[in-house]
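J.: With the input below, show me the fold.
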Amino acid sequence: MKKMVMAAGLLMAVSAFAQFGGFGGPQGGGSVPDADKTADVNYAGDGKTYHTLDIYIPKQAKESYPVVIHTYGSAWSSNNMKGSADLSTICAAYVKAGYAVVTPNHRSASDAKYPAQLHDIKAVVRFVRGNAAKYKFDTNFVAVSGFSSGGHLSSLTATTCGLKEGKSGSVTVDLVGDLGEFTSFSSCVDGAVLWSPPTDIYTMNPISMGGSGTMEGAFIGVEREGNKDKWMVASSPYYASDDDPPVIMFHGTSDNIVNIEQSQELYDSLKNHNVVTEFVKVSGGSHGGDKMNSSENLAKAVAFLDQAREAKAAAVVVPPDTAKQDTAAQDTSKQDTSITSIPVLHSLASSPVTYRVFSLDGTLVMKSSTLDLSRLNPGVYYVESATRNGSRRVFRYAKR
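T.: Down below sits the predicted model:
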């Protein structure tokens, strides 16, 4: 009986924390205007409430819609808060801009320990790709978004693309999982919007559960002391790499739940890898609320997604002559400088890709996960693309 009372008390404390000032913050409920809603779709095929999602399709008729998957914050403590996932603010802004929005539930820390929650969100990404025709999803652009702990899961989804395992010291975790029927589809994403996110679980200020450990410890399964590696493999800055998708972060300077250094750390890691990223420091902003969800910030988030989508669509290069492909970016003294016109551009289909653009003298002029040709001055360039599976292709690009 004593154990049952203690468990009930802990559950009430966790629930209250998530709803009133914890990682969940003041998200609110409401609805998404001007959207057709499909509710309670199970993305794992297991009938579990924590594996359901809601879909919001803009009422403006189009053949298909780019997608944003937005995940609620709850300190990883709730498995059914998709109905409070910033619907009337963040989600409404995405829909108004023409994006289909998917709001998923995921397993809580009491249902399963990390990386189960990451497996859930990646299964949602695969579900979106596997149901493109049914729901009119344009899977040429699938982004993630999330508030607080939802931002943490979104940051991991973005930075672990192409990685099957996460390793730190003697600890190895599965970063993909096998949830759902669409395991043959990619769980990579094309962009991320993070709102007040914890990113490096190991370095953040711990959130106490009232004498019974921390929220992070409950999520990972062990407390921080003596367990650095287990905490590191749940931290997105640890996975930052050159081919990560564009990421924008919003964090309040007065956030007393998740310290603003969490966004700064991820931002710095991404910049060190030449990833397209932005960090919006919201003066006086707390953990969620009106200052964070201002019309200005919502517009910035939408503009960032639009730019990432346009950049991906513009990522086109010209295949060189086969005979010159092997030496194009290696022996610059033998490179052809006689190109005078721009051949027909061909789209590069492989993804995710890291692009390295070299001038004819061998100077690296661009390195990014997106290829914005408008940034190049007129001239001839060699473009090397490399995927995480190790394959590489070299292209020649001429610009007048």
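J.: Only the buried residues of the strand or helix carrying Val302, if you could.
T.: Assigned by DSSP states H and E, Val302 belongs to helix 295-313. Residues of helix 295-313 classed as buried: 297-298, 300-302, 304-309, 311-312 (neighbour count, 16 or more other CB atoms under 10 Å). Bear in mind the C-beta positions are built from the backbone N, C-alpha and C, glycine included.
J.: try stretch 86-105
T.: By 16+ other CB under 10 Å, the buried positions in stretch 86-105 come out as 86-87, 89-97, 99-105.
J.: Let me see the ranges of the strands in the stretch 151-300 of the chain.
T.: Taking DSSP state E, counting those that start in this stretch as the test, the strands found in the stretch 151-300 of the chain are 165-168, 171-174, 191-195, 247-252, 277-282.
J.: Looking at the ones you listed, which is nearest to Gly45?
T.: Gly45 sits nearest to strand 171-174 of all the strands of the stretch 151-300 of the chain, at 19.3 Å, using CB to CB.
J.: how about the helices of the stretch 1-150 of the chain, start to end?
T.: With DSSP state H, counting those that start in this stretch, the ranges of helices along the stretch 1-150 of the chain come out as 2-19, 92-96, 116-130, 132-135, 149-159.
J.: per-stretch mean pLDDT over those, give me the minimum one.
T.: Looking at the helices of the stretch 1-150 of the chain, the lowest mean pLDDT belongs to helix 2-19 (a mean of 37).
J.: which strands and helices sit next to the longest strand belonging to the chain?
T.: Counting by DSSP state E, the longest strand found in the chain is strand 137-147. Packing partners of strand 137-147 (3 or more CB pairs under 8 Å, 6 or more residues apart in numbering; DSSP states H and E): strand 65-71, helix 116-130, helix 149-159, strand 191-195, helix 295-313.
J.: and which of the buried residues of helix 295-313 is nearest Thr277?
T.: Thr277 lies nearest to Phe304 out of the buried residues of helix 295-313, by CB to CB, at 9.5 Å.
J.: before we move on, the earlier item: next, the angle from the helix holding Val302 to strand 277-282.
T.: 180 degrees (axes from the mean of the first three to the mean of the last three CA atoms, to 10 degrees).
J.: pull the CA atoms of helix 295-313 into PDB?
T.: Extracted C-alpha coordinates of helix 295-313, given in PDB (Å, rounded to 0.1, in the frame of the first residue of the first chain):
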ATOM      1  CA  SER A 295       3.800  37.300 -34.100                       C
ATOM      2  CA  GLU A 296       7.400  38.400 -34.900                       C
ATOM      3  CA  ASN A 297       8.900  35.100 -33.800                       C
ATOM      4  CA  LEU A 298       6.300  33.000 -35.500                       C
ATOM      5  CA  ALA A 299       7.000  34.900 -38.700                       C
ATOM      6  CA  LYS A 300      10.700  34.300 -38.300                       C
ATOM      7  CA  ALA A 301      10.100  30.600 -37.800                       C
ATOM      8  CA  VAL A 302       7.900  30.400 -40.900                       C
ATOM      9  CA  ALA A 303      10.400  32.400 -43.000                       C
ATOM     10  CA  PHE A 304      13.300  30.100 -41.900                       C
ATOM     11  CA  LEU A 305      11.300  27.000 -43.000                       C
ATOM     12  CA  ASP A 306      10.400  28.700 -46.300                       C
ATOM     13  CA  GLN A 307      14.100  29.500 -46.900                       C
ATOM     14  CA  ALA A 308      15.200  25.900 -46.100                       C
ATOM     15  CA  ARG A 309      12.600  24.500 -48.500                       C
ATOM     16  CA  GLU A 310      13.600  26.900 -51.200                       C
ATOM     17  CA  ALA A 311      17.300  26.100 -50.700                       C
ATOM     18  CA  LYS A 312      16.700  22.400 -50.900                       C
ATOM     19  CA  ALA A 313      14.700  22.800 -54.100                       C
END
